[in-house]
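Asks: Sequence first, then the predicted structure, then my questions.
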Amino acid sequence: MSPPLISAEALEIALDTALAGTAPLVLDCRARLDDAAAGETLWGEGHIPGARHLALEGDLAGAPGAGGRHPLPSAEAFTRTVQRLGIAPEKPVVVYDDRGGQLAAARAWWMLAVWAGHPDVRVLDGGLYAWEAHGGALVTATAAPAPSAWQPRFNDAAWVDADTVAGGEVLPVDARASARFRGESEPVDPVAGHIPGARSRPSADNLTAEGYFKSAAALDAELPRAPAVAAYCGSGITACHNVLAYAVAGRALPALYAGSWSEWITVASHPVATGDSPG
């Protein structure tokens, strides 16, 4: 697996100097949880040259239901997505959003690099704002991608289900904001609180005030440690940002609890905790 991040400067150089057919494939993953169409609208209004739209709803998630608000799509459905977009293991991929990777570039990175096994996927550090701050252009022009024939070999050991989490085999690490973790606020799901025994690690804490990832050393010092970790959030989106942070830190990657809190609370027998993380 390649280093997980790329700077705006390095991306610009890669796009400007690549020979025909060798430039990285850029995917615009911007999304808004309260508006399923917002990502495509934002992409249409302006995107990094050559970028293709990768939708959170539909491409990066299956239909909401018992598996949570953003369950993983089936392997077959995601294979159709990567083929439609022309994604193939011999072509580098760069993904970006405008929330420091939290919506939903980190999810795309996890699905492509960790789950599907693409060898060279990187998240644009600082996202679209870093690109613009570097002087990168935005365009509205689009081109139909040439489809690929890639057949990923999915690594289903990279994610865990509710039974594994409930069995105490992993340390759950919660990427939601601290107030949601403590149960003081729950703007999305019908039940407030967290999985008992979980540690709070808001995904925003992985970033500097300027929206870039913290250094590997800083992340290594801050991220929770346990023999086995499962990252979760409300629906498995920002949890991927914590998995990415472990990658940046050079640590073993947590598993993703794909259903996350929105699945956990659908089972009446699952306990709910409130308050701060255990000592």
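Replies: Structure received.
Asks: burial measure for the closest residue to residue 1 other than its chain neighbours, as a count.
Replies: For residue 1, the nearest residue in space outside its immediate sequence neighbours is residue 113; the separation is 5.7 Å by Cβ to Cβ, 6 or more residues apart in numbering. The C-beta positions use only the backbone N, C-alpha and C, and glycine is treated the same way. Residue 113 has 25 neighbouring residues, counting by other Cβ atoms under 10 Å.
Asks: Same question for the one 3 residues further on.
Replies: Residue crowding around residue 116 was assessed by other Cβ under 10 Å; the count is 23.
Asks: Give me the spatial nearest neighbour of it, chain neighbours excluded.
Replies: residue 152 (3.8 Å).
Asks: right, and that neighbour touches residue 79 too?
Replies: Yes. Proximity of residue 152 to residue 79 meets the contact threshold set by Cβ atoms under 8 Å, at 6.1 Å.
Asks: about what we covered before: quick one: the residue nearest to residue 116 is in a strand?
Replies: No. Counting by DSSP: H, G, I helix; E, B strand; the rest coil, residue 152 is located in no strand; its state is coil.
Asks: who touches it in this structure?
Replies: Neighbour list for residue 152: 75, 78-79, 82, 115-118 [criterion: Cβ atoms under 8 Å, 6 or more residues apart in numbering].
Asks: Closest one to residue 206 out of the residues you listed, please.
Replies: Proximity of those to residue 206 (Cβ to Cβ) peaks at residue 115, which lies at 20.1 Å.
Asks: on that earlier part again, so of the contacts of residue 152, which ones are in helices?
Replies: Of the positions in the contacts of residue 152, 75, 78-79, 82 sit in helices, assigned by DSSP state H.
Asks: For these, which entry has the maximal number of neighbours?
Replies: Scoring the ones in helices among the contacts of residue 152 on neighbours with other Cβ under 10 Å, the highest-scoring entry is residue 82 at 23 neighbours.
Asks: these two touch, right, it and residue 148?
Replies: Yes. Residue 82 sits in contact with residue 148 when judged by Cβ under 8 Å, with a separation of 6.9 Å.
Asks: and the gap between the residue lying closest to residue 211 once chain neighbours are set aside and residue 243?
Replies: Once its chain neighbours are removed from consideration, residue 211 has its nearest residue in residue 100; the separation is 4.7 Å (Cβ to Cβ, 6+ apart). With the distance defined as Cβ to Cβ, to the nearest Å, residue 100 ends up 14 Å from residue 243.
Asks: Residue 107 too?
Replies: In this structure, residue 107 and residue 243 are 9 Å apart, going by Cβ to Cβ.
Asks: got it, and residue 50?
Replies: Separation of residue 50 from residue 243 (Cβ to Cβ) stands at 27 Å.
Asks: likewise residue 192?
Replies: Distance, residue 192 to residue 243, using Cβ to Cβ: 24 Å.
Asks: Compare neighbour counts for these two and give me the winner.
Replies: More neighbours surround residue 243 than the other of residue 192 and residue 243, with 27 against 18 (other Cβ under 10 Å).
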